[in-house]
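Participant: let's see this in three dimensions:
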Amino acid sequence: METATLDDYLALNEQLAALVAAGVPLDVGLGQPERSAAEALERINATVVRRVSRGESLAQALEGDDRDVPPSYRSLVQLGLHVGNLSAALDDSSHVAESVDSSRTALESAFIYPLIVCVLVYAGLIGMCLFFVPTLAGMYESVRLTPGPGLRVLEALRDTLPYWAAMLPIALFVLIAWRIRSGARRRVTGVRTGGLVGWLPGVRKTVSQERCARFAASLAELLDEGVPLDESLRIAGEGSGDAALRESAQRLATAIGTGQFPSDDSPTALRFPPFLRWAIWHSEATTGRARALEIAARMYRETAERRAERLRTVAPVVALVLLGGTVTLLYGLALFVPMVELLYALAG
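Facilitator: Model prediction:
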């Protein structure tokens, strides 16, 4: 970082802007959804250039209010400048974003077949209201029988047909518009696990493990470059994208900066996942801390990939059974319940 110049920083920023513009998934938290990536980077560039012009170093200019320079972005740039290769820093950032994109794709793909079933059931229900209900009502009237609950529900649907028949096309239009808008937002903001993606079992754990891998890989790269452990912890913690991991790393870095290294059973140590705790506290005398962190990063990433693969396998089956099976069952009940009621009435 000491040898990096403002021109180096601006060149790295141009590369980052090009990657974001090309649609490469990154977890860098470049700003609010309403801002484009170019606007967010331009605002950050102006902040850093203004601070450097006041006599601050590049390292000092990147510090400050998180609203001016987001932590994930700051960590990414600091790591890139320390290592001297932004693409290496971007690799770890892209893994997290790609994992969430993979989960989102699995979710969207899982609902394709159930959605087709819903469309067919919807069309069948409209046809039932137009043709089947009047015929069945005429049969009840010809034999002077009182319609049962099933037929009364179908007659209510037929009476309100002009109101709900257009709901599916409107819902599909809104869904497509939302999908396009959310896709544009994801290219600017950091990774989020809320909404439908966060609802999927295992997604949050997958993202958590990806972020542990990102933290471990960043910390190993910084230590290999000779960056002190306390500074490496701060940079890697901010870049992890995980609030708990960031806070734990900051606490440990503060303790190390004061000349103290907490024991492995201290509250600070226990806040780290077990394998990360071993890599930071116990590996220096054996494999070496940087090497152990590389092993931890690979382990966490492989575990996250296995979880994502299971999600891609299970999600379509679950969605088809729950959603597709439910609407098919309801359609079958709407068709057969009035007929069964008619047979019971005739038999009585």
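
Participant: what mean pLDDT does the helix or strand Y163 falls within get?
Facilitator: Assessed by DSSP states H and E, Y163 sits inside helix 161-164. Summarised as a single mean, pLDDT over helix 161-164 is 85.

Participant: over to stretch 119-126?
Facilitator: Averaging pLDDT along stretch 119-126 gives 88.

Participant: identify the residues contacting the helix or strand hosting L252?
Facilitator: L252 is part of helix 243-257 when elements are defined by DSSP H and E. With CB atoms under 8 Å, 6 or more residues apart in numbering as the test, helix 243-257 has contacts from 71, 211-212, 215, 229-231, 233-234, 236-238, 240, 261-262, 268-269, 271-272, 280. Backbone N, C-alpha and C define where each C-beta goes, glycine included.

Participant: quick one on the thing from earlier: give me the buried positions along the helix holding Y163.
Facilitator: Within helix 161-164, no residue is scored as buried using 16 or more other CB atoms under 10 Å.

Participant: so L125 touches L157, yeah?
Facilitator: Yes: the criterion here is CB atoms under 8 Å, and L125 meets it with L157 at 7.2 Å.

Participant: more neighbours, the two?
Facilitator: Legend: neighbour count by other CB atoms under 10 Å for L125 and L157, higher for L125 (22 against 17).

Participant: which phi and psi does that one have?
Facilitator: The phi/psi pair for L125 (degrees, to the nearest 10) reads phi -70, psi -40.

Participant: same deal with D265?
Facilitator: Main-chain dihedrals, D265, degrees, to the nearest 10: phi -110, psi 20.

Participant: just to revisit the earlier point, how about the helix holding L252: buried residues?
Facilitator: Across helix 243-257, burial judged by 16+ other CB under 10 Å covers L245, R246, S248, A249, Q250, R251, L252, A253, A255, I256.

Participant: pLDDT averaged over stretch 237-257 - what is it?
Facilitator: Mean per-residue pLDDT for stretch 237-257: 88.

Participant: which ones are touching A315?
Facilitator: Each residue near A315 by CB under 8 Å, 6+ apart is listed here: A106, L107, S109, A110, L200.

Participant: nearest to V117 among the buried residues of helix 243-257?
Facilitator: Ranked by distance to V117 (CB to CB), the buried residues of helix 243-257 are led by L245 at 41.7 Å.

Participant: got a markdown table for the contacts of A315, with secondary structure, neighbour count and pLDDT too?
Facilitator: Below are those laid out as a markdown table (DSSP: H, G, I helix; E, B strand; the rest coil; neighbours: other CB atoms under 10 Å; pLDDT from 0 to 100):
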| residue | secondary structure | neighbour count | pLDDT |
| --- | --- | --- | --- |
| A106 | helix | 22 | 72 |
| L107 | helix | 20 | 72 |
| S109 | helix | 13 | 77 |
| A110 | helix | 21 | 77 |
| L200 | coil | 19 | 58 |
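
Participant: R298: which of these is nearest?
Facilitator: A106 (23.1 Å).

Participant: gap between the closest one and S266?
Facilitator: Per CB to CB, to the nearest Å, A106 is found 39 Å from S266.

Participant: ok, now S232?
Facilitator: Note on S232: its distance to S266, by CB to CB, is 19 Å.

Participant: neighbour count: those two, which is higher?
Facilitator: Between S232 and S266, counting by other CB under 10 Å, S232 is the more crowded of the two (28 against 15).

Participant: so the more buried one sits against G226, correct?
Facilitator: No: S232 is beyond contact range of G226, at 9.6 Å (criterion: CB under 8 Å).

Participant: what about G138, neighbour count?
Facilitator: The tally of other residues near G138 (other CB under 10 Å) stands at 10.

Participant: do S142 as well
Facilitator: S142: 8 surrounding residues under other CB under 10 Å.

Participant: and the one 10 residues further on, by the same measure?
Facilitator: For R152, the tally of surrounding residues (other CB under 10 Å) stands at 14.

Participant: test my guess that E155 contacts L136.
Facilitator: No: using CB under 8 Å as the test, E155 is too far from L136 to be in contact (9.2 Å).

Participant: how about L222, nearest residue that isn't a chain neighbour?
Facilitator: Take L222 and drop its neighbours on the chain: the residue closest to it by CB to CB, 6 or more residues apart in numbering is S232, 3.8 Å away.
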